[in-house]
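*Asks:* Coordinates for the following, if possible.
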Amino acid sequence: MNAMAGALRTRLEKKDCYVLGDSNNPLSPQLIGSGIKVLNVSALLWICLITGVVFFVFIA
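*Replies:* Residues are numbered from 1 along each chain as shown. From the prediction side, this is the model:
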C-alpha cells in the first residue's frame with residue numbers, strides 16, 4: 001500500500017491507525033484510473049517474471 005501511495009503521490013490514511021505517504025495531494029476520482037494502471041503494469045510484470053522462471057526451470 002505504501003508503494004501505491006508513493007506511485008500516486010498521495011497520502012493514504014486509516015484514521016487513528018496509520019498514515020502512508022507524505023504528500024499533501026488530495027485524493028480524487030482521477031487517481032482511481034492511475035491506480036488501475038499501476039496495478040495492470042505490476043500484474044503484467046509479475047506474469048512475465050513467472051513465465052520466464054517457468055520456462056528456464058522446466059523447459060530449458
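
*Asks:* D22 sits in which helix or strand?
*Replies:* Assigned by DSSP states H and E, D22 belongs to neither a helix nor a strand.

*Asks:* just checking, it touches L12?
*Replies:* No - look at D22 against L12 with Cβ atoms under 8 Å: they stay out of range, at 10.9 Å. Every residue, glycine included, has its C-beta placed from N, CA and C.

*Asks:* Common neighbours of these two, please.
*Replies:* Common contacts of D22 and L12 (Cβ atoms under 8 Å, 6 or more residues apart in numbering): none found.

*Asks:* between the two, which one's more packed in?
*Replies:* L12 (16 against 10; other Cβ atoms under 10 Å).

*Asks:* beta partners for the more buried one?
*Replies:* Legend: beta-bridge partners of L12 under DSSP bridges are L20.

*Asks:* ok, longest helix in this structure?
*Replies:* Ranked by residue count under DSSP state H, the longest helix found in the chain is helix 30-54.
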